[in-house]
Structures are given as structure tokens and as C-alpha cells.
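# below is the sequence, then the predicted model.
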Amino acid sequence: MQEVLDMVRYVAVFYLMEQMVLNLLPGKTYERYVRFYLGLLLVLLLLRPVFRVLDLSKQIDTDRLMYDLWQEVEELR
């Protein structure tokens with residue numbers, strides 16, 4: 001139950017920050033791009049509990065580390 005409350009709190013704070021950023025934009029030219037980027041961040045914020053439940057964060061970190069090591073090996077060849 002605490003995780004649900006934390007997620008609601010994070011989303012509420014994110015929404016307030018999003019509105020603040022959108023109000024600080026000098027014009028409407030970049031609003032579309034900023035909304036897109038903030039939408040992606042919101043999706044990641046909402047997927048965070050799913051990653052935690054499925055323990056995907058460790059797997060993603062491990063895969064990234066293996067990819068980086070493989071790239072270094074390829075560069076040394």
C-alpha cells in the first residue's frame with residue numbers, strides 16, 4: 001500500500017514540476033518538444049514500480065555493463 005501512495009506522490013510532484021517548466025518557457029515554439037520529453041519521463045516514472053517488482057533494473061544494468069565491456073573488447077582488437 002505504501003508503494004501506491006509513494007507512486008501517487010511522485011506523480012503529483014512530477015505534474016507540479018511539469019507545469020512549472022511549461023510556464024517558464026519563453027514562447028510556444030518548444031512547448032511541443034518539452035511536453036514530449038516530459039511525457040517520456042512520466043512513462044518511466046510510472047514503469048518504475050513494474051521494474052522493481054520484476055527486478056528488471058538489475059538485469060538492465062547487467063546487460064548495459066556487458067554491452068559496454070563488449071564494445072571495449074572490440075575497440076582493443
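Nice, I can see it.

# what strand or helix carries Leu65?
helix 56-76 (DSSP states H and E).

# list the helices and strands that helix packs on?
helix 31-54 (3 or more CB pairs under 8 Å, 6 or more residues apart in numbering; DSSP states H and E). Any C-beta I mention is one placed from the backbone N, CA and C, and that applies to glycine too.

# and the angle from the helix it packs on to helix 56-76?
Per axes from the mean of the first three to the mean of the last three CA atoms, to 10 degrees, the angle that helix 31-54 makes with helix 56-76 is 110 degrees.

# buried residues, helix 31-54. List them.
The neighbour-count check on helix 31-54 (16 or more other CB atoms under 10 Å) flags Leu38 as buried.

# chain center to it: distance?
On the basis of CA atoms, centre = their mean, to the nearest Å, helix 31-54 sits 5 Å off its chain's mean C-alpha point.

# contacting residues around it?
With contacts defined as CB atoms under 8 Å, 6 or more residues apart in numbering, helix 31-54 is touched by Glu3, Met7, Tyr10, Val11, Phe14, Glu18, Val21, Leu22, Leu25, Leu56, Ser57, Ile60.

# excluding covalently adjacent residues, which one is nearest to the second one?
Meaning Met7. Pro49 (5.9 Å; CB to CB, 6 or more residues apart in numbering).

# tell me how far that neighbour lies from Glu18.
Separation of Pro49 from Glu18 (CB to CB, to the nearest Å): 20 Å.

# what does Trp70 give?
Trp70 sits 37 Å away from Glu18, going by CB to CB.

# which of these two has more neighbours?
Between Trp70 and Glu18, Glu18 has the larger neighbour count (other CB atoms under 10 Å), namely 16 against 10.

# distance of the more buried one from Leu47?
Counting by CB to CB - Glu18 and Leu47 are separated by 17 Å.

# could you list every helix and strand in contact with the host helix or strand of Leu5?
Using DSSP H and E, Leu5 sits in helix 2-24. Other elements packing on helix 2-24 under the criterion 3+ CB pairs under 8 Å, 6+ apart are helix 31-54.
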